Each structure stands twice: as C-alpha cells, then as structure tokens.
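Participant: Please work out how this folds:
(5 chains)
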Amino acid sequence: MELFVFVVAAAMVLGGALGVITRSNPVHAALSLVLTLFGIAVMFVSHDAQFLAAVQVIVYAGAIVVLFLFVIMLLGVDRTEDVNIEPITVQRPLALIVSAGVIGIVIAAVVTSRDLLGRKVGGLDETTLGSPDANIRQVAREIFGNNVFAFELTSVLLLVAVIGTVLMARRVKSGGAGK
Amino acid sequence: MLDLVWLIPALPLTGFLLILLFGRKLGDPFAGVLATVMTASSFVVVAGIYFELLSLPSEERKHVVTLFSWIPVGGLQVDMALLADPLSITMALFVTGIGALIHLYAIGYMHGDAKFPKFFMYLNLFIFSMLMLVLGENLLVTFLGWEGVGACSYFLISFWHTRDSAATAGKKAFVTNRVGDWGMLVAMFLAFAAVGTLSYEGINHAAESGSLAAVTATGIAMMLFVGACGKSAQLPLFIWLPDAMEGPTPVSALIHAATMVTSGVFLLTRMAPVLHAAYPWSSDVIATVGALTALFAATIAVAQTDIKKVLAYSTVSQLGFMFLAIGSGAYVAAIFHMVTHAFFKALLFMGSGSVIHGMHHEQDMRRMGALRKVMPITAITFIIGWLAIAGVPPFSGFWSKDEILLYAFANNRFLYFIGVLAALLTAFYMTRQVIMVFFGEARWHDHAEENGAHGDHTPHESPWTMTAPLVILSGLAITGGVMQLPFSKETHWLEHWLEPVVHHSEANIKGTWAYDNKWLLLGLAVLIASAGIAASIAVYAKGKFKAIEPQVLADAWRYDSSVSAFVGGPGRRAFDAVAAFDAHIVDGAVVGVGTEVRAASGLLRKVQNGLVRSYAAIIGLGAVLVLAWFLLRGVL
Amino acid sequence: MLSTLIQSAGAATEKTAVAFPILSALILVPLLGAVLVTLLSNRRPEYVKFTALIVSAGTGAMSLWMLAKFDSHEAGFQFVSQHEWIRAWGISWHLGVDGISLFLVVLTGILFPLVIVGVDPHHDEKRYLGWILLLEAGVMGSFLSLDLFLFFIFFEIVLVPMYFLIGGWGYDKRIYAATKFFLYTMFGSAFMLVGIIATAVLAQRDLGYITFDLVKIAEEATFGTNTARWLFLSFAIAFAVKVPIFPLHTWLPDAHTQAPTGGSIILAGVLLKMGTYGFLRFGLYLFPAAAVWAKPVILTLATIGIIYGAIAATMQTDLKRLVAYSSVAHLGFIVLGTFAITSQSLTGSVMQMINHGVSTGALFLLVGMIYERRHTRVIAELKGIQSVAPIFAAAFMVVMLSSVGVPGLNGFVGEFLILIGSFETARWWTIIAATGVILAALYLLWAYQRVFHGEPDEANSTFKELTLREGSLLMVFIGLIVFTGLFPKPMLNRIEPSVDKLVKHVELHSDYKAPVHKGGHSPATDTAHEGGE
Amino acid sequence: MVLAATMTAPEIAWGALTPLLILLGGTCLLLLLGTLVPRWPRVATPTLTIVTALAAGTAACVQWNNLYYRKGYSIVADAISIDRFSVLITIIITVAVALGALLASAHHDDANGDPLENYALLLTSAIGAVVMGSANDLIVLFLGLEILSLSLYLMAASDRRREESQESGLKYFILGGFASAFLLYGVALVYGATASTNINGIAEALTERIAVGGSDAMLLVGIGLMLVGLGFKVSAAPFQIWTPDVYEGAPTSVTSYMASAAKVAAFAALLRIFIVGLESRVDDWRPVIWVLAVLSIFVGSTMAVVQTNVKRMLAYSSISHAGFILVGVEAAAHMEGNGLAASATYLAIYTMMVMGSFAILIAVAGKNDTATTLDAFKGLAKRRPALALAFSTLLFAQAGVPFTSGFVAKFGVIKAAVEVDSYGISIAAMVGAVIGAFLYLRIVVSMWMEEPETQEPLEIPTVVSVVIGISVAFTLVIGFFPSILLDAIELVRFAPL
Amino acid sequence: MLSVIQPTSSWYLILAAVLFGIGAFGVMVRRNPLVMFMCIELMLNAVNLTFVTLATALSNINGQVVVVFVMVVAAAEVVVGLGIIVAIMRRRNGITADDLSALKG
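Facilitator: This next block holds a predicted model:
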C-alpha cells in the first residue's frame, strides 16, 4: 500500500515537475505545478504530516498557483515560449550537467548516510500519535514554543510583502530621466 | 723644503682655479702666461726639492707629506699623501719642466683661439693631475691623478669639439683608458685584499719581505700592466693614441709624448718589487708586449703621411721600448729612455706643431718639403730631435735605447732582435719624415694654388714663444744622455739616483754575455741606426728604390679599423640586442602580465552575458564543484 | 608587560635623546605643510610656493641641525622617540637615526627645497607642492622608522604622491608610467607586507608578545633557518623592485622618463634608496643568516644589473631614459656592496646612496633644463650645445664625471669603497662589476658627445646659457660632488660605526666572517675607528 | 488539553531584543504616521528612519557596554545570540541604515516624490540583517535572510523609471530565490544529519558524532549547499555573478546599502554558522573557503580591469573585498588567532568605505543615476577638487594604501591569516590586491589626469556631503589611529555554547 | 509481494533530490520569468519534502515546523516576485528573461 502511494505520488511529483519545465505555455506549466504540489501533499500525508498537507494544498496549490495564473492572465503572457530553440548552445548541456551533478551528489550523500536516518532523536511525542489532532498539536507546540521567535519573524516577512506590493503597484509618473 | 711637496701640485691647481674663475677676464695671452708661470714655479719647487734630496744620503731620500686622511674605512686607510723620492721627483722634474716649456709654446700656438683661456685651464689641470699621479704616496692618490690625466686628455683631445673627429677621438681615448683603469682598480683590490693597504711602501715592503704570495703578486703585476697598457698605449690598447692627434699640437706634445703616456712605465717602476715577486713569466709578458708594440707601431709609422701620425706611432713604438726595458728588469733604463724620449719627442711634436702652424694647419707631409729654407729654427731643432730618436750617437736617444737593448739581449735574444728591428725602422721612418718635410722639393706651392684662399701664403717661421722651447729642448735632446752613460759605474748617475727606489728589483746582468760584450752591441746599434737612415735616404732623397708603403701599413694593419668595425658592427648589434631584450623580453613580460590580465578580463566578461539563466548555470556549476568536494570528503 | 618592555627599550636607546622630538618633526612638519599648502587659497600662488619653500627649507634645516648634533662615535640609534601607537598589534611610533640613515635623511632634507626652488611644474603648482611635501614626509618616515609596520606604511604611502606627480605633471606617456610604477612597486610590497606580518608573528612565538619593533625582533628573536630565508625573500622582492634590481627594473625607465623633472630628481635621489636602505636595515639586520645565504644570487643579479643597465643605457635614444638606465647600473653597485658585507663595501654602499642621489639628481635636473629649453630629450635632436652654452656644458660635464666615477668627485669614493670591500668576499663578481666603470664612461661620454659636441644646428644654436638661479642651484650639487669626493671623511666617520655594528651583528648571527686585515683593523674589533691623523 | 499543559513558552528577554524592537517599532510608526498623518512632511520620512536606526544603534551600544559584565548569551529558546559579535554587526548595520537613508533622501526623484515604502523597506531589511547577525538557529537565520533579501529585491527594483532597476530587481530575485533554495536544502540535510536546526545544537550533535562515527556525507553536502547559498549572499566567486548587474541596475543609494549591510549580515551568518556550528568539520570546509577567497579576489580584481562604468567597477571591487573578508574567515577557521576580529574589523571598515564611495557616485551621477560611467568622472578634480580628493582617499583606502582604514582592514586579515600560517592565501590575496589596485588607479587617473568633458557645475546635496564627510573622516581617522577600532573589536566573541 | 517492499526514507529523499534537480534545471533553461519562478517553487517543495521525510525519520517534529516557515516564505516570495514581474511586464509586455540583459559585461 505504502509503496503504491509512493509510486503514484512520485509519478505525480515528477510528472508535474517535468511538465513545469517542458510546457511551453506558462498556463500549462502552472497547472503542472499544481500536480506536483498535490503529489507532495500526498507524501506529507504518508509521513503523518497532515497539517502540512493541508497547508500545502491551501496555500500552495490554492493561493500561490492561483496567483501565478492570475498574473499570467492579467499580463496576457500566456503565449507560447518556444522551448525548442536555445540561443546559447552551451546552456542546456551545462544545465543538464549541473542538475545531474546536484541530483547525483545529493543522492550519493543521502544513500551513504542512510544509517543516520534510522535513529530516533526524540522531540516527537509518540504517545499522542494516535490522536487525530496529534500532528497539529505537536506542530503548534513547536511553533509557539521553541520557534516562537521565527514565527514572529514571519510577520515581518509578510509586512515586507505588503510594503512591496504597495511599492510595486504604485503608478509611476514618467518625470525625470530614464535611459 | 721637503715639506713643501704639496706646493708642487698646488701651484698648477691654483692656476687652474684662477683661470676657471677669471679666465675670460685674463684672456689671451695673460691666461697662458699665468698658467706658464704656475707650472714654471712648480718646476722651481721641484728643482729645490731635487737638490735637497740630492743632499741627503741615498737611503734617506724619501719624504712623505700627509695632507689629510682621504678615505678611512676600517682596515682601509687611504691618506691624501704625497711622496717625494728620487723616482717621483725625476718624474716631477720633467713633467713640470717640459710642461712649462709646452705652456710657453702653447701661448704662441694657441694665439687667437676663441677658447684660449680654457685651453690653459685644462693644461694646468693636467699638470696638477700628472703631478698627483707621480707624487702619490699610495695607489689611490696615483689613481686620482691617473684618472685626472685621463679626463684632461679627454678635454684636450676634444678641445675643438665642433669637429666630430676630435670629439670622437677624445671619447675613444677616455674609454680605452678606462679599460686600463679597470686593470688598475683590480690591482688595487688585490693589493688591499692581500696586504691591507694601498700605500706603495706597504705593498712593496710586503713584496720584498716575501709575505706577498707569488700568485697574488703576479695578479697585481698583470693587472697593473693592463692599466699601464691603457695609459701607455701598448698592444692591444694603443688605438686611442694615434687618434689623439686630433687635439692641438701642444697637447700632443705634452700628453701624448712627454708625460701622460709614460705613467704606465712609471707605475710599473714604482711597483717594481711586486713585479719582482711575481712569477717570472709576468715579466716576459711585459717585455714581449713591449717589443711587439715597438715593432708593430714602427712598421705602421713607415707608411704614414700625416706629420703627427708618424710621431704618434713613433711614440707608441718608443713606449714599447720602455716596456721592453721593464720586462727585462731594466727599470733605470726605462726611466732613462722615458726622460730622453720626453725631451726629443716633445721637441719633435712641437717642431711638427711649428710646421703645422707655419703651413696654416696643413698636416700632410706629401704637401710639404724643403721647409728648412723658410723655417730654419724649426728645421734645425727637428733634425736634432730626429737624430736623437734615430739613435745616432751622441744624442740622448742613442744611449737610452742602447741600454734597453742591452738588457733585452741579456734577458731574451729574440726580443732583442725584435727591438733591433724596431730601432732600424725608427731610424728609417724618422729619416723619411725629415726628408719629406724639410728637404726635397717644396710641394706646398701646388697646394697653395689649389686652395685659392691660401694662394699668397707661404710657410713662415713661428714666433719666439714657440721656437724658444724648441731650442731649449733640442739642447736637452742632445745632452740628455749624460745622465746615464755606459762608460763606467760612475757615469750611471741616474741609476745611483734612483737606487733607493728600484735597487731591489733592477735586474743584474753582470756576467752575462751581453754585459761583457756591450761595446759590441753598442757598435751594432750605431750600425743599425746608420743603416736605417741610409736606406731611407736612398729611397726618399735619392729615389734609388721605390718606396714600399703598402696600404695595409698606412691603415695601421687595419687593426684600428677592425676594432671600430667590431665595435660598430657586432658590438653595437649586441648592445642593441640587449636593449631590445630589455624592451621586449624583460619589459615584455611585465607588459605581458598586464595584457594577460586584460585578456582574462575580457574572457570572463563573456561569461557575464546578462542572462539570468546563464548566471544560474554558473552558480549551479560552482555549486556542483563545491558539493563534489564535500561529497568526496564525506565518502572517502 | 608590553608597556614596561617598551619603556625599557626606550631607556636603553635614549641615551642621546634630546628634548625636542626632532625626528617626529622631520616627518610631521612636511606633512602638516602639505595640508597647509592644500588649504591655502589658489588666488595667491606666490604665498603657496613661499609656504612650501619655508616648510621644506625648515625641514632641511632641522635635518642639518640633527646632523650637527649627531654623535659620530655612537653606533646605535640616536634621537630615538618611541610612543605606543596600535596597542593591539604591538606597533609603536618608533623613530631613530644611525649612521646608515643619517645622510639619507639629510639628503632628503636638502633635496626637497632644491627641487621646490629649482623646478617649475608649469601648472597646478599648489597641488604639485602639496604632493611634493607629502612625498617628503613619506620618504623621511621610511628612513626614520624603526618599526616594521611604520616602515611599511611610509614605504607604501610614498607611492601615492609619486603617482600623482608622475601622472599629473609628467610627459606624454605619464599615465602608463605612473600606473606601472604604482602597480609594480605595490606588487613588490605585497610580499613584504606578508613578510612583515610573518616576522612579527613568528617573533611573537619566540618572544612571547607581539611586536613590530625592528630592534627588538632583530636583537632578540630567532628564526629557523628556512623560515628566515622565506621571510628574507619576501622583503627582498619588495626592495628588489624598489631598487630596482635586474630583472625587476623595467618600471624605472618609464617612470623616470615620464616623470616631471622634480619627480625624477626625487625618484632617483631618494626614492630608489628606500630599496637599498631597506636591504641594509631590514635584510641584513633582521635576517643576517638568510642574507648571507642569498648573497650569491643577489650579487649575481646586482652584477648583471651593473653590466646590463650600462649596456641598455648605451643604446637609449632618450637622454632621460639613458640616465634612468644608468641608475640601474649604479644601484647595482650599491646592492653589490650591501651584500658583500664588509666594512668597506657597506660604508661604500651607504655613501654611494648619497652620491648617486646627488649626481643623478643633478643629472636629471640638467636634463630637465635641456627639456625646458628645447622641448625634447631625444639625443639625436640635440647637438653642439657646448658651443652655445659652455657653462651649462661644463656643469653637465662635472656631474657626468661624478657619475662616471672619476676620482676626486663623489661618485668615485662610494664606488671604490664598494668594489674594494666587495673584492674580499665576492672576488669574481667584483672583477666583473668593475668593468661597469668602462661602460659608464662609454654611455655617458657618447651621450655627451652627441648632445654637446659638434656644430650646433639651427634649433640648438639658440640654446640659452644657465640662468643665475639655475646656476646657483647647480652649484649646490657641484659643491657637494666635489667636497664629498675630496673630503669624504666626515661622512665616512659617521657611517662607519653603524656599519661595523651591522657587520658584527651579521657575524654574530650567521656563520659569516668578515675579512680581517693584517695591516688594517678588523671591523669586528674596532668599531669606531678614527681616521689616520 | 493535556498537551497544552505540557507546553512551555520560552522566556522572551525583551531587553536583549531592544534594537530589533526599535527597528520594528520604527517601521510600523513610519508606515502608520506616513499613511495617517495628513501632509506628512517629506523630510520627516528619512528623519524618522535615521532616528530609528540611530536609536537601535544606541541600544546596541548599550548592549555592547553591558557585555563587559557578562558573557554572550542566547535568548528566546536559543534562537538569538546576544554577544559581542552580534551586537557589533547590529551597530554596523544600523549605521549603514542611517547613512543609506541619508543617501536615499538625496536620491529620490522629484516627479514621484520620495516613497515612504523605500524607507520602510530599509528598516525591514535592517531587521532581517540584524536577525541574520544574531540568529542562533538556522530557521531564524533563513527567515532573517529572506526578510533582508525580499526587502532588497524590492529596493533594487524600486526605481520604476529605469528599466535597469527593474531588471536588476528581477535578476536579483530569481537568482536570490535560486540560491535560497540551495541554502535551505543545505539546512535540510544538516538537519537530517544532526536532527537540529539550532547552531548550538548542531555543534553539540557533531561533537558527539565524532565519538559515535558514521558517514558524514549528508552533513558535508548539506554544509556545501549552505555554503553555496551564503556564498551567493556575500557574492563570493563563483557565486558572485549576479553582483555587477544588480549593483549597477539598482538605485545607487540602494546599491550602497546592498554592498554594505547585506554583505555584513551574510558574512555574520556565515561566520556564526561555520565557526560556531560546524567547528568540528572545519578541515572539510576550510579549503573551500580558501578557494572561494582567492577566486573572489582574483575574479573581482581581474574583471574590473576592462570596465567602463564606475558603479560596475565598485561592484567588482566589492567582490574582491568579499574575497578579503573570506581570507579573514579562513583565518578564523583555524579556531585560533584573530580571524574573527579581523573579519569583523574588515566588515566595519568596508561598510564605511563603500558607503562613502557610492555617496560620491550619487554626487557625480546625479539623482537619476544617469552618469555613472568613467567619462563622468573625467577631470573631476578640475570641477570639484574636494570631491575628487575625497573619492581618491576612499579609492586608495579600498586599494589598501596605508594611512587609510582600508589598509588597517587588509593588514588585519592578512595578519590573522599569517598568524595561523596561511601564507599561501595571504600572498595570493596581496597579489590580487595589486591587480585590483589598477581599477582604483583608473578612476583616479580619470579624475585627476584627464580633462573634464563638461564644465557644468556639480550640485552636491548636503546630505550626500555629510555621508561623504563621515566616511572620509572615518577612513582617515581609523587609518591614522586604528586603535580606536581595533581595541574595541578585539573583544568580539561568539556567545559560548 | 510488492507490499513487502516498503519505501524507506531514502526513497523520499532521492525523489526530493530529483525534484530539486529538475527545478534547478528549469531555472537554467526556461526564459519566461514566471516559469523560472515556478521552478524555484519546485526546488522549495523538494526541500519541504526533505524536511518532512527527515522529521519522520528522526522522529523530530521540528522538521515539519520548518516547512511551515518555508511555506510562509514561499508565499511572501511569490507576492514580492510577482509584484516585481508585474511591474516589469506592465512596462514591456511579453518580455522574457533573456530580453532583460541590458546589464552585463
């Protein structure tokens, strides 16, 4: 069962990811991204991270991708980008080498260090795992406990986002010079 | 009186300074008079000291006057000190004496020259330097004079510097001399390293006491000889002397005949104990070079047509005799010949100057002839000089040359043979010169007609300021031989006088075949001189034989031109190559680094193409490399 | 602990200290003068020049006063002043003067006012004078510093004013030359900076506290053989560039040729000496054993420099460039003497630093005057000047003969001492180096002939004779040339004790033994020898 | 409900957070007042920003003083460290903000006013930077970095009139996101290897692990990924590639701030993570720092050689400065000597130098960033001698000429490197500095030795003059009396574990 | 039989690595800034997956907490990033990242 879930979710993830990088139409790419995000959400669930899975669907698949699509539509840039033409000849081989390199190195690292992953370091209250809201409680306790400072910082982050939106949305008078 | 030694150089120095400051005001002829008076007074002082020394017992004839400590550094203590002893005073005597005469002569000769005061300024400076050279108590003071006379000769040779040939000749003289100076410097280094002092006394004492190793002594001797070769125009460094005739004639007489060129002989005599302590072959080297120079220069003189060039090569040849003497251990004979040579060669040069003066600066002997009629005093004095140099008894040159040949015979018969040959040629070419200038037809008429401007000028006798020195010198040239006559021990006055200086090193030829048969050799010498004169008369006066004057001799065996060609050709190219090496290789490397950095910069700029995804790829590539390193560190 | 150490060091060396901090004043007066000159109004240029002159002349007077007060029997440092400066790094403002630096300081003091008086920059005089004074402060600082850090910063700061002087007031390729000068020298210093730090850090491991104090490190710290060699090399590169030693010399001809006359005089007169001085003060003194080890290589390079510089000089077509290459040759002699490490050769080197400064300074001044008159320095365009300007030619001749090394003039004394001293420990190098005297005559006389002899052509026939101002300026130089040549003893007496102390120091810290003379005195046993009176 | 009872909220030491709180409060105040107050005077915005920054700086100074009496400590569940190092970084950043605000106020364009948001972003970025400097937890650090970065992306793109500004913002944004992903991936792997994101926790876990054994590959690759991310932020080669474009495109006042505060914060983070957290794996990462340092110095110096735009030149020079700071980091990585203090000194000095340099650029280029090419600097000495002199001083300082702060900085890092026997890097760095000097000389040549292309008078806003004056004064005073700075920074330490 | 094979943590981690690589590849080859940005989101998701997997493997909830923050960051980034992109696109419609290369060299 678990294997099945993994295979399906992995297929979604990878299929979506390949879609993002291969679809010439940005709308299609955005939709492929949704596929990946759902796949990730599935995996979150299989890791008993229900809260994250929910947030993933709501924030990512819901808000973020919608924002993307909205912008695409707003700007009317849903024209096709010709992905078959590459003006810089070394770009794709180089990209391939880099990606393959990163993937290979990380996999090698993960595989050689897999014995580290079996150990239980604690911090997860196993006794309450049976409870339906166990995950969310644990997360909450961590966020508002040890990570409360980080949590407060996210407010600043959002403040920046707000200021940024205001700034970027401001209409420009074309006074002064511009090159 | 002896403590007044410092006055000897000080007088001409004062003259120099005075003319330097007030020369223009003094002008012509008072600047010349001042210079002459200064030199003459110097001569008076020297004479006074001479007599005082003479009054002392011979072992006490030595006096050092230390003026101040010049270069004192640690073990090296060099004083500005003057040494009055028989050798230096002998030198000083004829330097100041002949110098004064030449000064006097120059007043007449240089009359009307735009730079009249300057000429005498240089002359006085020269006399000062020459006196420092001979009076120096140590090698360094001598070197001060040594270089000083070099510099003065440079000034004087290129006195008429608007003429390129004069300027070039001056430079050539200085640079060639410098080659010799290098030798003298190295000799000083060796002496200091070995003995720890530069004073003659210290070095000679070390040499005499045997504490100077033979190898070091040889090194010093050979290096001194290199120095002497430069200054005294020996093979292979003689090339500057003939060119030095570009200078005014008094200069030729003073510097290039009587004084400066003899300083090499003086120096080797001064350092005789070192030569004595050196390996014997070093003396042979000196004698051989001297003999070869004597012959070599004599052959060249045979074919010269320039009146001064003949004398110049003759000087080289006579200097060769002196070196032959030194190499044979005959220091007294060398000094003897040096003095007599100073007399007659100064006489000849000034005579030739008088001729040139009278001929309106014509120096080509082919355009002279029969001048005895218009320039009688010059002719007579010149003829006396000729007889002296040709080795006709009883003129001074005969005695000195004979003594040299005597020692040469005792030392090495082959060199004697060369010497005899050179003496023969000397008589030959000097006779040739006299005939061409003073006898035969007057060829200057044609010349005067050729150059219309000079058309109505006939040669004339020179003023008294020029002829008076000629007369005095001709007297000396006749009688100079009396200072060292071979008749008996008592007539060796010069030898006795110089005894304190050269006693230990003077070769002893008593008991050799040559000594026993010296009258035979004397007779042979007379024969040789006569033969040379006769042959010359036969060729040039009677025209019985065709003159053999191959071009190669006129070109001085093409030695000088070969050297010039080498310096101007491969030498210059080598120098150019070094300059090019510097510009392109050494500096090129530096510039190349700059260019490479620029090129690298340009290359890296191409990477910076402005495209985000390219940048991402570069970052990714960097990341992969960094990660690869870490993975390797983790896995291995 | 550190402060007590510094105090005790001060107490040891402050025997001759005087109440007035003369050495600090020698640095600070020109520095403040530079600031003052910069702040003065542009509207009254005569005040600017006057101020600069007063400042530099005052500095010169102070240096002469110091010379008068200098105790010629004392081999150590005099007029020492020491104040803590950067505590965290163990750096102090430590100044002192001894026989080795004494005359360099005096030369600096004399040369700058002469340059200010004698050379006209033609434009932007205020800025020019500001840079000149700043340069003076830097040069003074380099010669007076007894702290490695202090030395380095003065050594390096000098580049800035010199850079501006070349770049701002030089000739057509000035920017290229200035940049090359700056970068090349900075390249050399880069190694020295690392070397200085490494010296202090390694000494710290030995001494237990961090200090950049030259005397402390030299006297108390010991380095491993290899360590010392590396450290020495790092210093040597910087100095070799600065001197410059073949093959690191190619910045010099460019810098000299393109620099304005004043810049050239200072560059040749004192700036190059910072390299040779550095070898003495920071090469031999700090790393005696390593210096002895490096001797053959440096002697070889110095000898090559002598011959090579002379040959290159012979073939130059630009008069200034010729003089520049002659500097390469002359400085080769100084380096030769420095690394031969005998009493005579070292004394000769110190002496020659001064002599070269005077002679070559004067030579550049004369070439500058030629340029002022003819607007060319190309030898081929000059001819027959002696006929139209005999006094000028005579002055040139005297200076030239000094450069050639004719006895009786200053150049000879130094050169001779160097050679005779070097001969004992570096025989073959010296014999070859001595041939440099032939070449020196060759290139200078040849140049003289081409420039001064012959008939003047039209362009040269109006060549102006020396003016009174120029003449009196040259008289100072010629006076120094003749006086030093005939009576060097006062200088030698002050130089020698310090040099002998240095030789002893080298002997003590390496297996090197200076030659001892049967007839003379060993420098090791007789430090303050008085002349032979 | 049982769970709620077991939760213990960490104690929050408000006092220790004062600088951050002041900055945050100032931001909010600015936004509120600016929006709500009618006829909000234009000059009030920068004033308020500067006051906030200075207040935060003052608070930090008070903290600095307090640290005489106690060692560094961490607060809010080990999320933030308060120690000499973090406080120093805070001070540097607040100064940079104050100067940056001054420059920004001179740099606005009249048509669009002086948007309040620019200053708000300046303050928020300062919050991010301060957090980065004091973060003791990788997540906090990441958040701080994102706050800083997002603010900077926006600031870079804030000049809406110039397309270059937006290009710069977008490039910075995309590449910054790319690099953040690497950093975060690194955090993840390190977390996997140590089960902690807390720097102290990581350090402890790794120390234990040395005893336990096991493969380090995941940890090390994680470290590598973090190094890529941080290397990007400090613009170390080969991750520097974005720097010239972004610096050139951004409004000059922003560039100055980016080059100073952002770099300072990134270096602070780098130092803390690697020196405190990854000390036990120092032999693995130190060589990489070595390579990055040398590469940065040479790439920065070399590429500057053929540039013609002064702003771009300064960008390249900032890359080589990053290399020099990395030399200090490398020295610090030997866990002895003065590498940390040297790096901190360099950062402080560098901040002032770079602020001054860009201020001069603003003075010359004008409000619109129109004239940043080398030609604009031609003959500056003839037009404004004092300005040329000031710029020369700063350029020579950047080149490391003595009697300037730049020399003190370079000397410090080289000394630190030599103290730990890193001779190779020292020599490489110094040789690189020589190549770099060419760049500064080129600008100096233009200013002093060439003729001006225009004789138009150059108006310099007072605020810019103030920044230049402060910067030059700092440069010279520290150059002559380095002890002022050195004696203080010598005390810089990380909080003990 | 298949149910015998349980996907271990490594599987997820490898998947995440591949996803990260694909995202990175996308950033390097795509020219539409929006799509590039999506690729960065892919990379962040790969990291999230890694964190969650590790949290489970280590039985440490902290990994999940981190993901929460990452998501907030991602959201903020999207806001800011899209803001910038919109600002540019409004000026020059249909622009690709390749067209934004005025700054170079």
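Participant: What helix or strand is residue 51 located in?
Facilitator: You didn't say which chain, so I picked chain A. Using DSSP states H and E, residue A:51 maps to helix A:50-55.
Participant: My question was about chain E, not that one.
Facilitator: helix E:33-58.
Participant: Does chain A have contacts with that helix?
Facilitator: Yes: applying CB under 8 Å from any CB of the partner chain, one finds helix E:33-58 touching chain A at E:34-35, E:37-39, E:41-42, E:45, E:48-49, E:52-58. For glycine as for every other residue, the C-beta is placed from the backbone atoms N, C-alpha and C.
Participant: Domains in the chain, by residue range?
Facilitator: Assuming you mean chain A. A:1-77, A:126-173 (automatic domain parsing).
Participant: wait, chain B
Facilitator: Following the TED database, one gets these domains for chain B: B:1-136, B:286-445+B:459-548, B:562-633.
Participant: where in chain B is pLDDT low?
Facilitator: Across chain B, the ranges flagged by pLDDT under 70 are B:445-457.
Participant: And the strands in chain E?
Facilitator: Remark: no strands are assigned in chain E by DSSP state E.
Participant: among the helices and strands of chain A, which has the poorest mean pLDDT?
Facilitator: None of the helices or strands of chain A scores lower by mean pLDDT, DSSP states H and E than helix A:134-144, at a mean of 83.
Participant: Tell me the buried residues in the helix ranked longest in chain D?
Facilitator: Secondary structure assigned by DSSP state H gives helix D:163-194 as the longest helix of chain D. By neighbour count on 16 or more other CB atoms under 10 Å in any protein chain shown, the buried set for helix D:163-194 is D:163-194.
Participant: Which helix or strand lies directly C-terminal to the helix or strand residue C:394 falls within?
Facilitator: Residue C:394 is located in helix C:390-404, with elements delineated by DSSP H and E. Next helix or strand after helix C:390-404 toward the C-terminus (DSSP H and E): helix C:410-425.
Participant: so does that following helix get close to chain B?
Facilitator: Yes: residues of helix C:410-425 contacting chain B under CB under 8 Å from any CB: C:412, C:413, C:416, C:417, C:419, C:420, C:421, C:423, C:424.
Participant: is the longest helix of chain D up against chain A anywhere?
Facilitator: Yes: using CB under 8 Å from any CB, helix D:163-194 reaches chain A at D:163, D:164, D:185, D:189, D:192, D:193.
Participant: what's residue 101 sitting at in phi/psi?
Facilitator: With no chain named, the answer covers chain A. phi -60, psi -50 (degrees, to the nearest 10).
Participant: The longest helix seen in chain C near chain B anywhere?
Facilitator: Secondary structure of chain C per DSSP H: the longest helix is helix C:174-207. Yes: residues of helix C:174-207 contacting chain B under CB under 8 Å from any CB: C:180, C:184.
Participant: quick one: secondary structure of residue B:68?
Facilitator: Recorded secondary structure, residue B:68: strand (DSSP: H, G, I helix; E, B strand; the rest coil).
Participant: Per-residue pLDDT of residue C:5, please?
Facilitator: Residue-level confidence at residue C:5 comes out at 42, pLDDT.
Participant: contacting residues for residue A:29?
Facilitator: Each residue near residue A:29 by CB atoms under 8 Å, 6 or more residues apart in numbering or on different chains is listed here: A:19, A:20, A:21, A:23, E:32, E:34, E:35, E:38.
Participant: for chain D, where's the lowest mean pLDDT among helices and strands?
Facilitator: Result, chain D / mean pLDDT, DSSP H and E: helix D:2-6, a mean of 49.
Participant: what's the neighbour count on residue 11?
Facilitator: In the absence of a named chain, chain A is used. By other CB atoms under 10 Å in any protein chain shown, 12 other residues sit near residue A:11.
Participant: look at chain E instead
Facilitator: Residue E:11, neighbours per other CB under 10 Å, totals 17.
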